[in-house]
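**Student:** Give me a model of this one.
(one chain, ligands or ions: 1)
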Amino acid sequence: MSDHHVAITEFETREELAQALADQTADALRSAISDGGAATLAVSGGSTPKLYFQKLSLAELDWESVTVTLVDERWVPESSERSNARLVKQNLLQNEAHAASFVPLYTGAATPEEGIHEVAERVADMSGPITVAILGMGDDGHTASFFPGGDRLAYAIDPTSHLLVSPMRAEAAGEPRITLTLPVLLAATMLVLHVEGAGKKKVLETALAGKDANKMPIRAVVAHAPHPLQIVWAP
Ligand SMILES: O=C(O)[C@H](O)[C@@H](O)[C@H](O)[C@H](O)COP(=O)(O)O
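**Tutor:** Numbers count the residues shown, from 1 in each chain. Alright, predicted model coming up:
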């Protein structure tokens, strides 16, 4: 897989990938804290990042200066098995990382459209650009909650948008979603796409071979990333 917009690192095992990505994340958080006194980490949900979360939770750094938030969220309370906040609290905000602050994207409003202003304020209040943003990718080429056919996909992946967050409804999304927008993700100091398995590698190859971001929204991240998008993969 080669494309001048991406830099792909393939690891032998998922264990090795998780440890390397956790180490790289911890280093980036430490530098942001030493440079500006604070750091922000935005992570994706789903099944892929669990081992990475567990490894990162053990990193020794000034977690009290770190704000953790989500790249996107299903519009459900933390009591739901589908909640990304629940996944992060159970796997990342443990051990050393327990001391970090967490900014949820779910507000308790009936819909993300009703909660959007509160969420936008929460994101706006986080200090400066995101230090580290970790993306996943679905088998349909979605990332964050940029789903093909999403009702607000055009707004969410518009690189010139001033919106920080967007609601999103799409057939493949399950619940209504809330997602950081593309410009917010592209502004991250460290932006990494974390994918695993042979199937996702094929999806990635298809994504990199085409241009239509409406069909495979991960393409919008690749196309507009200010420098080659870092991708980490393990079998
Ligand atoms: O809320 C979510 O579901 C994620 O943010 C989403 O974008 C995820 O990264 C992909 O769907 C991959 O999910 P898996 O890791 O489970 O394959």
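**Student:** near the ligand, which residues of the protein?
**Tutor:** For the chain, the residues in contact with the ligand (C-beta under 6 Å from any ligand atom) are 44-48, 71-72, 84, 136-138, 142-144. All C-beta spots, glycine's among them, are computed from the backbone N, C-alpha and C.
**Student:** hmm, try it at 8 Å
**Tutor:** Proximity of the chain to the ligand (C-beta under 8 Å from any ligand atom) is limited to residues 44-49, 70-74, 84, 135-139, 142-146, 177, 195-196, 200.
**Student:** what bits of the protein have low per-residue confidence?
**Tutor:** Along the chain, the parts satisfying pLDDT under 70 run over 1-4.
**Student:** so where do the helices sit in the protein?
**Tutor:** For the chain, the helices defined by DSSP state H cover 14-36, 50-56, 84-91, 112-125, 153-156, 182-186, 198-208, 218-224.
**Student:** Mind checking those helices for the one nearest to residue 234?
**Tutor:** helix 14-36 (4.2 Å; C-beta to C-beta).
**Student:** From the contact counts, what lies against that closest one?
**Tutor:** strand 39-43, helix 50-56, strand 132-135, strand 190-196, strand 229-234 (3 or more C-beta pairs under 8 Å, 6 or more residues apart in numbering; DSSP states H and E).
**Student:** Can you list the neighbours in contact with the first one?
**Tutor:** Applying C-beta atoms under 8 Å, 6 or more residues apart in numbering, the set of residues contacting strand 39-43 from outside is 25, 28-30, 32-33, 49, 53, 65-71, 88, 92, 100, 126-134, 180, 185, 188.
**Student:** Among the helices and strands packed on helix 14-36, show me which one is buried the most.
**Tutor:** Among the helices and strands packed on helix 14-36, strand 39-43 has the highest mean neighbour count (mean count of other C-beta atoms under 10 Å), at a mean of 27.
**Student:** Need the helices of the chain in TSV (columns: distance to residue 7).
**Tutor:** Formatted as TSV, these follow (distance: least, C-beta to C-beta, whole Å):
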stretch	distance to residue 7
helix 14-36	13
helix 50-56	18
helix 84-91	26
helix 112-125	27
helix 153-156	24
helix 182-186	15
helix 198-208	12
helix 218-224	11
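**Student:** burial of residue 172, as a residue count?
**Tutor:** Using other C-beta atoms under 10 Å, residue 172 has 12 neighbouring residues.
**Student:** Could you report the distance from it to residue 139?
**Tutor:** Counting by C-beta to C-beta, to the nearest Å, the gap between residue 172 and residue 139 amounts to 9 Å.
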